[in-house]
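1. Mind folding the following:
(chains A, B, C and D)
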There are 2 protein chains.
Amino acid sequence: MSPAEHPPFLGAWTDPPEESRSPREPLSRNRIVAAAVAHLDAHGAEGLSMRTLAEELHTAATSLYRHVHNKGELLDLTVDALMAEVALPPDDLDWRASMRMVSLNFRAVLLRHRGAAVLRGTRLAIGPNTLRLMEYVCSKLLEAGFSETDAAAAGATVINYTVGCVLGEVMPTAEIEASGYTWDQFAAEMNTRIAAIPLDRFPVMRRMLPMLLGHHHSQPFEYGLDALLEGLEVRRVAAASSESPPAG
Amino acid sequence: MSPAEHPPFLGAWTDPPEESRSPREPLSRNRIVAAAVAHLDAHGAEGLSMRTLAEELHTAATSLYRHVHNKGELLDLTVDALMAEVALPPDDLDWRASMRMVSLNFRAVLLRHRGAAVLRGTRLAIGPNTLRLMEYVCSKLLEAGFSETDAAAAGATVINYTVGCVLGEVMPTAEIEASGYTWDQFAAEMNTRIAAIPLDRFPVMRRMLPMLLGHHHSQPFEYGLDALLEGLEVRRVAAASSESPPAG
DNA sequence: ACGCGCAGCGTACAGCGTACGCTATGATAA
DNA sequence: TTATCATAGCGTACGCTGTACGCTGCGCGT
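-> The predicted structure is shown next:
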């Protein structure tokens, strides 16, 4: 039973490169999704193909289809998997602090996974982790006194605002990475592109575009978020007081 | 010179189907972009290929490249072209009414062109029409008394909120159209999918998901928009009063 | 009348998602 | 132990994509 006993016409016995001796843990949805997240993080939203993904998993492209109906489903699973990373605030915070924190955490996760963030903007992926997040947001709003209609609107508002902002923040940097520029080169390029456009039709933008594109830090995001929450609070107390006016 | 004089071995003389007698107006960026918008409106974000687009223009695919560097540029031009449709409010409105109106108009345009709306969420297209819109928003905010930093943040907030919401509204309907379901079938499908998920872990969502997905009307959007504007107003007056405190 | 520039196009290629059917492996029944 | 069978994995192939390249033929300047 020693290796030498194998008939030579089958070829010299060499250990098959390593994968069949430690028989490589089997494929699974989770392993595939994890690899997809990693690939998106490393190489951005473009250029994730079933073939390259399979290669990273030391597998054939078509093998993936045993675990995933099609690429679309894989992307949806990937988006939902990301949502699991969003930490939910502790229970004792009031609704406003909770929404603030969940929005910031959400944004942080999306910025940590810029490639997948674009997908979250584009695809409707309602999986368990997404539901967990929305469940938290809506129930917190309900228990704070928002009506069902208002809670739905307010929750959607917070989430949509967050996603919209992250897309706005991610797109420029995605563009930059794609073009191989540095931030400064890109800013210069932008300036020349602005200068090229009918010259003085946009005096304000000429000064402010860098500010609008260069969301490196979270200050503008928080500015809008806090404004939004403040407005929601006003509506909440207004609704609460008009709900039981005879008591007044 | 009558048609009958043409030598028969070239085939019987029939008018070349019509395109070479009225020699079809020449290709141009504008014509291509217009066709792209039309195609996106008619067939959704998926399935816009250079070949199909060329076919609609009675042209070969590669001819398009005489007027457009690549597909990406075409998509950017398309998005920017859409922005021209956003009507700007009359001059005499105050900043809040202006922002409200520009946001509603913006949303209306994106909903009118659902296919292209997804692109606006994904691509960074800074063309003249986009700049015109941002120029208006920012200058209105500046003249209302926002500082440059705050105007940039507030403007970005309004725009990003609008885009984020529209994406949230468009995605479900896009999903529906793609799957060929009706709205009711989709709702039912969603309910079964929710029911399939670990059953009672999401009691709130079970009731509220239809509300969250079924944004047929603009009420939730306006709810959040008005809240946002109210919060921005609070910040504006606070900044204005703290800017000249010695006068108090 | 001639020549040239350039819009338009035909062909070709690499890469994509994925349907289909074979193979080999590991669990189960006898 | 041997025989059976389900199924994970894979090789091949098809139709589609974006687009590089080089030809063609029309329209304008001379």
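
2. A:Glu230: which element?
-> A:Glu230 is part of helix A:219-243 when elements are defined by DSSP states H and E.

3. what's that helix packed up against?
-> Applying 3 or more Cβ pairs under 8 Å, 6 or more residues apart in numbering or on different chains; DSSP states H and E, we find helix A:219-243 packed against helix A:95-112, helix A:148-179, helix B:148-179, helix B:219-243. C-beta coordinates here come from the backbone N, C-alpha and C atoms, glycine included.

4. And those helices: which comes nearest DNA strand D?
-> Judged by Cβ to the nearest atom of the strand, the one of these that comes nearest to DNA strand D is helix A:148-179, at 12.1 Å.

5. Report the rounded mean pLDDT for the closest one.
-> Looking at helix A:148-179 alone, the average pLDDT works out to 91.

6. can you tell if that helix touches chain B?
-> Yes - contact check for helix A:148-179 against chain B, using Cβ under 8 Å from any Cβ of the partner chain: residues in range are A:148-157, A:159-165, A:167-168, A:171-172, A:174-175.

7. Would you mark the buried spots in that helix?
-> For helix A:148-179, a neighbour-count test (16 or more other Cβ atoms under 10 Å in any protein chain shown) marks A:150-176 as buried.

8. what sits against the spatially most central residue of chain A?
-> Relative to the mean C-alpha position of chain A, the nearest C-alpha, by Cα atoms, centre = their mean, is the one of A:Ala117, at 2.9 Å. Shown here is A:Ala117, whose contacts under the criterion Cβ atoms under 8 Å, 6 or more residues apart in numbering or on different chains are A:110-111, A:166-167, A:170.

9. Quick one: residues contacting A:Ala45.
-> Residues near A:Ala45 by Cβ under 8 Å, 6+ apart: A:114-116, A:118-119, A:174.

10. For DNA strand C, see how far away it is.
-> A:Ala45 is 12 Å from DNA strand C, where distance means Cβ to the nearest atom of the strand, to the nearest Å.

11. Three-state assignment for that residue, please.
-> Classification of A:Ala45 by DSSP: H, G, I helix; E, B strand; the rest coil places it in coil.

12. so how far is A:Met171 from it?
-> Summarising the geometry, the distance separating A:Ala45 from A:Met171, computed by Cβ to Cβ, to the nearest Å, is 10 Å.

13. what residue ranges in chain A score low on pLDDT?
-> Of all residues in chain A, those with pLDDT under 70 make up the ranges A:1-24, A:179-180, A:191, A:193-199, A:215, A:244-248.

14. mind running it again at 50?
-> Applying pLDDT under 50 to the predicted model, the residue ranges of chain A that meet it are A:1-22, A:248.

15. Could you list the domains of it?
-> If you go by automatic domain parsing, the domain ranges for chain A are A:3-82, A:87-247.

16. any chance of the ones you listed in CSV, plus distance to B:Gly231?
-> Output for the domains of chain A, formatted as CSV (distance: least, Cβ to Cβ, whole Å):
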stretch, distance to B:Gly231
domain A:3-82, 28
domain A:87-247, 3
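
17. Could you say which of the ones you listed is packed most deeply?
-> When the domains of chain A are scored by mean count of other Cβ atoms under 10 Å in any protein chain shown, the highest mean neighbour count falls to domain A:87-247 (a mean of 18).

18. roughly how far out does that domain sit from the chain middle?
-> Chain-centre distance of domain A:87-247: 12 Å, with Cα atoms, centre = their mean, to the nearest Å.

19. A:Glu148 contacts B:Pro210, correct?
-> No - contact between A:Glu148 and B:Pro210 fails when scored by Cβ atoms under 8 Å: they sit 11.0 Å apart.

20. who touches A:Thr173 in this structure?
-> Listed by Cβ under 8 Å, 6+ apart, the contact partners of A:Thr173 are A:Arg114.

21. Check the gap between it and B:Gln185 for me.
-> 40 Å.

22. how much space between the closest residue to chain B within chain A and DNA strand C?
-> Here chain A gets closest to chain B at one residue, A:Gly164, 2.3 Å apart by Cβ to the nearest Cβ. Distance from A:Gly164 to DNA strand C, counting by Cβ to the nearest atom of the strand: 27 Å.

23. cool, and A:Asp76?
-> In this structure, A:Asp76 and DNA strand C are 12 Å apart, going by Cβ to the nearest atom of the strand.

24. Next, the angle from the strand or helix carrying that residue to helix B:148-179.
-> With elements delineated by DSSP H and E, A:Asp76 resides in helix A:71-83, which encompasses its position. Using axes from the mean of the first three to the mean of the last three Cα atoms, to 10 degrees, one finds that helix A:71-83 and helix B:148-179 are set 140 degrees apart in direction.

25. That's all I had, so thanks and see you.
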